[in-house]
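> Here is a sequence together with a model predicted from it:
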2 protein chains.
Amino acid sequence: MTSWRVVSIHHVAVARGEDAIGEALFEQLLGSVVHEEPGVGFVERMYPAGDAFVQVLEAQGPGVVQRSLDRRGPGLHHVAFGVEGLDAALDELDARGVALIDRHARPGGMGTRIAFLHPSAAGGVLVELVETAAGGADDG
Amino acid sequence: MTSWRVVSIHHVAVARGEDAIGEALFEQLLGSVVHEEPGVGFVERMYPAGDAFVQVLEAQGPGVVQRSLDRRGPGLHHVAFGVEGLDAALDELDARGVALIDRHARPGGMGTRIAFLHPSAAGGVLVELVETAAGGADDG
């Protein structure tokens, strides 16, 4: 089976509410936004934490971020691992019966390829796998 | 003012429930536990993710982990940033009126010094600051 491995925590994502205080704290701790990108019903902003990022998700309308805010309120949303060999990882996880949201990688922010695992696979944690252009190692 | 900076995401912590499936997935993705340590009413186990860790928190009785499980169920619990200059960071955050759980650093796992910020300071996210023996850079 083709090899794959997790090489980093690529980012930790936070669903922000109306209150700007949380995002202001991340900016104070981490410095200025290094990347901003729209999604479907939300915008994501990346703050640098060494080679990793905090990704602030702000709802702009109906969508996954607003649904998460409605259900659980603001706070931690998901963790994303940097992976080398994403396609091999997904094939192996799928073959082992791990519940996947994305069985095949799709384009993510910052030129990455991504896939989400279902929270039921990880004890209630939404897990994202990210492969960067460099093949999984952080190049941010 | 003495300088300080965030140098990494040191770990992401997960409160696990009765179900072992989530921890089994982290072991599958990340490999074997590299450190285990008891806390008050819980045990923490560290799984490696590059230079960072996933910290699985398992309740062993009454305490902060069980309270979190009772309130919010299993899932992401907090994010910990590696910091150089932890004492200076806490002094500055306190002076700026940021709500701190720990105004002064205390001993953490793996020989670190740690402090928690209050979730109200970070938009519902429980944030930990960690200074390693190497002065903040990951040495795990």
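Yes, it's here.

> max-length strand in chain A?
strand A:5-16 (DSSP state E).

> Tell me where chain A has strands.
A:5-16, A:35-39, A:42-49, A:52-59, A:75-84, A:106-107, A:113-117, A:127-131.

> Out of those, the one nearest residue B:3 is which?
Nearest to residue B:3 among the strands of chain A is strand A:42-49 (16.8 Å), distances taken as Cβ to Cβ. Where you see a C-beta, it was placed from the backbone N, CA and C, and this is true even at glycine.

> how about the closest one, does it get close to chain B?
Yes - for strand A:42-49 and chain B, the contact criterion (Cβ under 8 Å from any Cβ of the partner chain) is met by residue A:49.

> which residue is nearest the centroid of chain A?
Closest to where the C-alpha atoms of chain A average out (Cα atoms, centre = their mean) is residue A:80, at 4.4 Å.

> Nearest spatial neighbour of that residue, chain-adjacent residues omitted?
Closest residue to residue A:80 apart from its sequence neighbours, by Cβ to Cβ, 6 or more residues apart in numbering or on different chains: residue A:128 at 3.9 Å.

> Name whatever forms a beta bridge with the one you found.
Under DSSP bridges, the beta-bridge partners of residue A:128 are residue A:80, residue A:116.

> Give me the pLDDT for it.
Residue A:128 is assigned a predicted lDDT (pLDDT) of 98.

> Could you tell me which residues make contact with residue A:16?
When contacts are counted by Cβ atoms under 8 Å, 6 or more residues apart in numbering or on different chains, residue A:16 touches A:22-23, A:56-58, A:74, B:123.

> Turn the residues you listed into CSV, columns for distance to residue B:102 and pLDDT.
CSV is the format used below for the contacts of residue A:16 (distance: Cβ to Cβ, whole Å; pLDDT from 0 to 100):
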residue, distance to residue B:102, pLDDT
A:22, 19, 93
A:23, 22, 96
A:56, 24, 98
A:57, 28, 98
A:58, 29, 98
A:74, 22, 96
B:123, 19, 94
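
> Against residue B:96, how distant is residue A:31?
Per Cβ to Cβ, to the nearest Å, residue A:31 is found 16 Å from residue B:96.

> Which one of those two is surrounded by more residues?
Higher neighbour count among residue A:31 and residue B:96: residue A:31, with 13 against 10, using other Cβ atoms under 10 Å in any protein chain shown.

> Excluding chain neighbours, what is closest to the more buried one?
With Cβ to Cβ, 6+ apart as the criterion, residue A:31 has its nearest non-adjacent residue at 6.0 Å, and that residue is residue A:48.

> got the contact list for residue A:18?
Applying Cβ under 8 Å, 6+ apart, no residues qualify as near residue A:18.

> let's see it at 10 Å
Neighbouring residues of residue A:18 by Cβ atoms under 10 Å, 6 or more residues apart in numbering or on different chains: A:58-59, A:69, A:74, B:123.

> go on, residue A:45?
Neighbouring residues of residue A:45 by Cβ under 10 Å, 6+ apart: A:14, A:16, A:23, A:26-27, A:32-37, A:53-58, A:109.

> For residue A:125, what are phi and psi?
Backbone torsions of residue A:125, given as degrees, to the nearest 10, read phi -100, psi 130.

> In chain A, where is pLDDT below threshold?
A:1, A:134-140 (pLDDT under 70).

> mind running it again at 50?
Along chain A, the model assigns pLDDT under 50 to residues A:135-140.

> hmm, back to that, buried subset of the contacts of residue A:45?
Neighbour-count burial (16 or more other Cβ atoms under 10 Å in any protein chain shown) is assigned, among the contacts of residue A:45, to A:14, A:16, A:23, A:26-27, A:33, A:53-58, A:109.
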